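Chemist: Model the structure of this input:
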Amino acid sequence: MMNLPHSNLGWLCLASALWLAGCDKPVPPKTETPPAIAGAVVSFAGAQDPAGLRVAPLLAGANVQVTLPGRLAWDEDRTVRLFAPYAGRIERLRAAVGDPVGVGQVLAEISSADVGAAQADLHKAQVDQALTAKALARSRALADAGVIARKDLDQAEADAARAAAEVARGRARLAQYGIAAEAVSQSFALKAPLAGVVVERNSNPGAEVRTDTGGAPLFTLSDPRSLWATLDLDESQLALVKPGQKLQLATAAWPDEHFEAVVMTLGESVDPASRTVKLRARVANPQRKLKAEMFVSAQLGVADSLPRLPADAVFLRGTAQSVFVRLGPGRFERREVQLRAAGPQYWAVVKGLPADAQVVVGGALYLNQLLDVTP
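Modeler: Numbers count the residues shown, from 1 in each chain. Next comes the predicted model:
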């Protein structure tokens, strides 16, 4: 080991001690300038965008595919639900579910005391009509001979008119349901008022039918070659759909086929829970592949000229939709906007942004927090 003079050794020890002391001294942290807040505008120092903040321009309007869920139902314009017009007992059923029927075809034969009473009332009215007709003829002869006064003839004419009216009423009452008027049979046939298929039957031979209580119809007839589709349309998409517009229906039963439907009506109210409006469309079903109560989805292609922005750029402040717009390097402004759904990943801008705006799609919540916590 080298021998050093004592004086040099002291200086070396002192220098080493000072150097070690300097290593242990903490380095003051580098301070960052906080962003400046002016109203709804956030400005970062050095006119630099924060790291990790992503900005995207608005997209031009394009054709939008809107998917509407729904289900099929009978075409109510071609559907009828039949109830018994008179109380009685079903004697015979002549149609079953699935049977095709024509106009006027007998579905059931029903025995009813009410029918007998209606037939008897008609026959009584016919007897009264015959008697009043004879009385009127005698009164006219006597009036011409000057035997009776004019008022007696007027009374006879009025009685004959009332009797004729009762006969006409009785005939019309029975003819309304095709009931025979010639004899008191106490039976009538329930007939199909339109051509179609028996899609529902709630009756059995021997069952009693009543007219003073509610309940299911005896028969439901429909023409399955035409169906209604009831679809759920989001209220934000109301402007995209109009009556007469065509759309394509898809169903799991026929995954490789689409069925064309035509929009008939839009509902007049919005469902408070789902915020949707009921849309009704008619779909032709000549091959009867589609069935009532089948779930379907409708594809609706619409041309939308409004600019679009990514869904990730939108956040809620209370009930208002907002975005951050890039005003320049390091400067961002929060704006409320009016939007409309344009698919699962985009919103169409109705109001609040110019077409050339750039919006923050990554970091909007961070900027919003800076505005909300800054006094």
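
Chemist: Would you map the strands across the stretch 101-250 of the chain?
Modeler: 106-111, 187-191, 196-201, 208-209, 219-222, 226-234, 246-251 (DSSP state E, counting those that start in this stretch).

Chemist: With Thr79 as the reference, measure out to Leu247.
Modeler: As judged by CB to CB, to the nearest Å, Leu247 and Thr79 stand 22 Å apart. Where C-beta positions appear, they are placed from N, C-alpha and C, glycine not excepted.

Chemist: ah, wrong one, I meant Leu142
Modeler: 60 Å.

Chemist: center of this structure, which residue is that?
Modeler: Most central in the chain under CA atoms, centre = their mean is Lys278, positioned 1.6 Å from the mean C-alpha point.

Chemist: SS state for that residue?
Modeler: Secondary structure for Lys278, judged by DSSP: H, G, I helix; E, B strand; the rest coil, is strand.

Chemist: again, but for the one 3 residues further on
Modeler: For Ala281, the reduced secondary structure class is strand; criterion used: three-state DSSP.

Chemist: just to revisit the earlier point, ok, which of the strands of the stretch 101-250 of the chain comes nearest Ala348?
Modeler: strand 226-234 (12.4 Å; CB to CB).

Chemist: which helices and strands does the closest one pack with?
Modeler: Judged by 3 or more CB pairs under 8 Å, 6 or more residues apart in numbering; DSSP states H and E, strand 226-234 is in contact with strand 63-74, strand 254-266, strand 276-284, strand 295-303.

Chemist: Tell me which of these is the most buried.
Modeler: strand 276-284 (a mean of 19; mean count of other CB atoms under 10 Å).

Chemist: So Ala73 versus Thr230, what's the distance?
Modeler: Counting by CB to CB, the gap from Ala73 to Thr230 is 6 Å.

Chemist: The longest helix belonging to the chain: which residues count as buried?
Modeler: The residue-count maximum for a helix in the chain (DSSP state H) belongs to helix 113-144. Buried residues in helix 113-144, counted by 16 or more other CB atoms under 10 Å: 115-116, 118-119, 121-122, 125-126, 128-129, 132, 135-136, 139, 143.

Chemist: And for stretch 318-328?
Modeler: Gln321, Ser322, Val323, Phe324, Val325, Arg326.

Chemist: which element is the last one on?
Modeler: Arg326 is part of strand 320-328 when elements are defined by DSSP states H and E.

Chemist: packing partners for that strand?
Modeler: strand 315-317, strand 331-341, strand 358-362, helix 364-373.

Chemist: in the stretch 251-375 of the chain, which segments are predicted with low confidence?
Modeler: Applying pLDDT under 70 to the stretch 251-375 of the chain flags the ranges 301-304, 343-344, 374-375.

Chemist: Could you break the chain into its assigned domains?
Modeler: For the chain, automatic domain parsing gives the domain ranges 37-61+306-373, 66-75+224-303, 81-112+186-222, 115-178.

Chemist: what distance separates stretch 217-227 from the centre of its chain?
Modeler: Here the centre of stretch 217-227 is set off from its chain's centre by 21 Å, with CA atoms, centre = their mean, to the nearest Å.

Chemist: What of stretch 328-347?
Modeler: Using CA atoms, centre = their mean, the offset of stretch 328-347 from its chain centre is 29 Å.

Chemist: Same check on stretch 42-54?
Modeler: Offset of stretch 42-54 from its chain centre (CA atoms, centre = their mean): 47 Å.

Chemist: So which bits of that stretch are buried?
Modeler: In stretch 42-54, counting by 16+ other CB under 10 Å, buried: Val42, Ser43, Phe44, Asp49, Leu53.

Chemist: Now for these: which two are most distant?
Modeler: Farthest pair in those (CB to CB) is Ser43 and Leu53. Separation: 13.3 Å.

Chemist: So what touches stretch 47-64?
Modeler: Residues outside stretch 47-64 that contact it (CB atoms under 8 Å, 6 or more residues apart in numbering) are 44, 240, 301-310, 313, 326, 328-331, 342-343, 346, 348-349, 353, 355-363, 366-367.
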